[in-house]
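Colleague: Need a 3D model of the sequence below.
(one chain, ligands or ions: 3)
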Amino acid sequence: MASESASARHVAIIMDGNGRWAKRRHLPRALGHKRGVEAVRELVRAVPAMGIECLTLYAFSSENWKRPEDEVGDLMNLMRKFIKSDLPEFIENGVRLRIVGDWRALDSDIVAMLEDALERTANGTQTLAVALNYGSQQEIARAATQAAHEGEITPDTIAAHLDTADLPPLDLLIRTSGEVRLSNFLLWQSAYAEMIFVDTLWPDFTPAHLRDALARFAARERRYGGR
Ligand code: IPE
Ligand code: IPE
Ligand code: MG
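Modeller: Ligands and ions are numbered 1, 2, ... in the order given. Have a look, this model is predicted:
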């Protein structure tokens, strides 16, 4: 039965621990976030060789607005910089960008940058989904509202209206930094996902850590309620 889970098509990561990474080094939190972006870049470069069709990264939650204004500002500025610096590489490497969450509520210049990036990467074959201003309960409520508008509310009609509707089913969810909770991420999609929690802080997470998680995933037996 292990063959059922041999390869993961869709992997999602809760990238946590930037603040603690910085704190341990007596560095400003902003630097932890900056190093976090560097870890993202390395991972996105390595993923095509791992046979993963879709990588979904939790970058900013709908609850992260509770943070101090300067930290939110730092995170938004890093977003701007990242899109600007890495978009050419995405296009060249066939990365197809997707955004999940209520991203259209972000600052209008970021929305415009993202719209441009989505359009210019639309033909890519390697999906990178970024969760921005994302909250899973909000996503489910939006999807259920739309489903109700159109007719019956069923698991299928809700799923068809989730932000992730056109992504492969979630196989593996990883969270870094030792926290063992979902923090409002992909609650619906995780129904039968395998989960791996690692102590590594996000800026220290490398492609080797992901390969290790994939090996652990491959050894899992997925049953989906059967036997
Ligand atoms: C994850 O790192 C980044 C975001 C949530 C945007 P944190 O900033 O949550 O780092 P810790 O959890 O405080 O260490
Ligand atoms: C989850 O991390 C959100 C992201 C990684 C973007 P948090 O650091 O916000 O989660 P909590 O507050 O510890 O649950
Ligand atoms: Mg955190």
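
Colleague: contacts, neighbours, all on C-alpha from now
Modeller: Will do.

Colleague: how about the residues of this structure near ligand 2?
Modeller: Residues of the chain lying close to ligand 2 by Cα under 6 Å from any ligand atom are 14-16, 58-61, 64, 183.

Colleague: If we use 5 Å, what do you get?
Modeller: Proximity of the chain to ligand 2, by Cα under 5 Å from any ligand atom, involves residues 14-16, 58-60, 183.

Colleague: of those, buried ones?
Modeller: The neighbour count (16 or more other Cα atoms under 10 Å) marks 14-16, 58-60 as buried among those.

Colleague: quick one, helices of this protein?
Modeller: Using DSSP state H, the helices of the chain run over residues 18-24, 29-46, 69-92, 108-120, 136-150, 155-159, 207-218.

Colleague: that older thread, among the residues of the chain next to ligand 2, list the two that are farthest apart in space.
Modeller: Pairwise distances across these (Cα to Cα) peak at 12.1 Å, for the pair 59 and 183.

Colleague: just for the protein, where's the confidence low?
Modeller: Where the chain drops to pLDDT under 70, the residues are 1-5.

Colleague: Centroid-nearest residue for it?
Modeller: The residue lying closest to the centre of the chain (Cα atoms, centre = their mean) is residue 57, at 1.7 Å.

Colleague: Residue 133 is in contact with that one, correct?
Modeller: No. With contact defined as Cα atoms under 8 Å, residue 57 does not reach residue 133; the gap is 12.0 Å.

Colleague: picking up where we left off before, next step: the residues of the chain next to ligand 2 restricted to strands.
Modeller: 14, 58-60 (DSSP state E).

Colleague: Reformat those as TSV; add distance to residue 171.
Modeller: Formatted as TSV, those follow (distance: Cα to Cα, whole Å):
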residue	distance to residue 171
14	14
58	16
59	19
60	21
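
Colleague: circling back to that earlier point, now, which of the residues of the chain next to ligand 2 sits nearest residue 120?
Modeller: Residue 120 lies nearest to residue 59 out of those, by Cα to Cα, at 20.8 Å.

Colleague: just checking, the closest one touches residue 131?
Modeller: Yes. The pair residue 59 / residue 131 is scored as a contact, 5.6 Å apart, by Cα under 8 Å.
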